[in-house]
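Asks: Whatever this is, show me its structure:
(one chain, ligands or ions: 2)
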Amino acid sequence: MPKDEERCGPRRGPAARFDGVTIAVHWVTLLLVLFLFASAWARDLAEDGARAETLLAAHRSIGLLLWMLTLARLAWRFTGGVHPPLPDSASASQLWAARATEYALYILLAVQPLTGLAQSVLRGKPFGLLVGTMQAIAPRDRALVHLFHDLHEEAAWLLLALIGLHAAAALFHRLVLRDAVLQSILPWRARTNICAAGE
Ligand code: HEM
Ligand code: HEM
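Replies: Ligands and ions are numbered 1, 2, ... in the order given. Now for the predicted structure:
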């Protein structure tokens, strides 16, 4: 029985996976992002003020947690993380699109919590987090609150669209190209050995 590397080439056989830390952080990030959208939208629908405030406090806190996780993720990526390259069959434009989406996702994950924090701080009042209250540290500035509010809302839609595109590309690899790109980031090992199309 030939080894994975012999069957699939050294670059993207089922053996070529992201490291465990990268895989764990990738999927925890997805859970946190889902929570952030759910809490923001549930808060818009909440009829009772106390519940809306709790949802917003949870939203802010999980958003800040995600920000710290993203910084740690970036540090890990450029120090110890294993990032297998895309299959040799990928064209230059596919490689470019994959990298552009990935970097745009990193940028949005790093910046989005800051626009949220800025709009909260620039209201000029203390605000609640899940653990404790953040004291007012800046005077109220309505114009900037509006600016950061709009940026936060628009970037959230952009983030959602990019996640959709990124997930669709992953499914395209799995279902159409039938290579092992999706398996390389799944928390469990694939049972089937699929390599590039036609193998
Ligand atoms: C990646 C992280 C985050 C994502 C994806 C996210 C996403 C969202 C979304 C979708 C909304 C609803 C927008 C609307 O329809 O008006 C929202 C609202 C809000 N977010 Fe975030 N958020 C994040 C982080 C944060 C952080 C860290 C804070 C503050 C520390 C924050 C503070 C707020 C506030 C105050 C609102 C309500 C704005 C209003 O008054 O309507 N967000 N966020
Ligand atoms: C919050 C949602 C998501 C974000 C922000 C995100 C972000 C990223 C980033 C930055 C990478 C590069 C590796 C890393 O640093 O982790 C990556 C890799 C990957 N993600 Fe996601 N991802 C998300 C959701 C998903 C979903 C839902 C799927 C599948 C349905 C998926 C499939 C993949 C695959 C297959 C790779 C490997 C791509 C490669 O080999 O270059 N991701 N993701």
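Asks: So what touches stretch 104-122?
Replies: Here stretch 104-122 makes contact (Cβ atoms under 8 Å, 6 or more residues apart in numbering) with 29, 59-60, 63-64, 66-67, 70-71, 73-74, 127, 134, 136-138, 140-141, 144-145, 148-149, 151-152, 155-156, 158-159, 162-163, 166. (Each C-beta comes from the backbone N, C-alpha and C, glycine too.)
Asks: Now the buried members of the residues you listed.
Replies: Neighbour counting with 16 or more other Cβ atoms under 10 Å marks 29, 59-60, 63-64, 66-67, 70, 73, 127, 134, 145, 148-149, 151-152, 155-156, 159, 162-163 as buried within the contacts of stretch 104-122.
Asks: returning to that earlier point: among the contacts of stretch 104-122, which lie within strands?
Replies: Here DSSP state E is the test, and the contacts of stretch 104-122 give F127, M134 as lying in strands.
Asks: tell me the SS of E47?
Replies: coil (DSSP: H, G, I helix; E, B strand; the rest coil).
Asks: ranges for the helices of this protein?
Replies: Here the chain has its helices, by DSSP state H, at 4-8, 20-45, 49-77, 92-121, 142-172.
Asks: Reformat the ones you listed as JSON lines; add mean pLDDT and distance to ligand 2.
Replies: Output for the helices of the chain, formatted as JSON lines (pLDDT from 0 to 100; distance: least, Cβ to the nearest ligand atom, whole Å):
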{"stretch": "helix 4-8", "mean pLDDT": "46", "distance to ligand 2": "14"}
{"stretch": "helix 20-45", "mean pLDDT": "97", "distance to ligand 2": "4"}
{"stretch": "helix 49-77", "mean pLDDT": "97", "distance to ligand 2": "5"}
{"stretch": "helix 92-121", "mean pLDDT": "97", "distance to ligand 2": "4"}
{"stretch": "helix 142-172", "mean pLDDT": "98", "distance to ligand 2": "4"}
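Asks: State the number of residues packed around the residue lying closest to R140 once chain neighbours are set aside.
Replies: Leaving out its chain neighbours, the residue that sits closest to R140 by Cβ to Cβ, 6 or more residues apart in numbering is G124, at 3.0 Å. The local packing of G124 (other Cβ atoms under 10 Å) involves 13 other residues.
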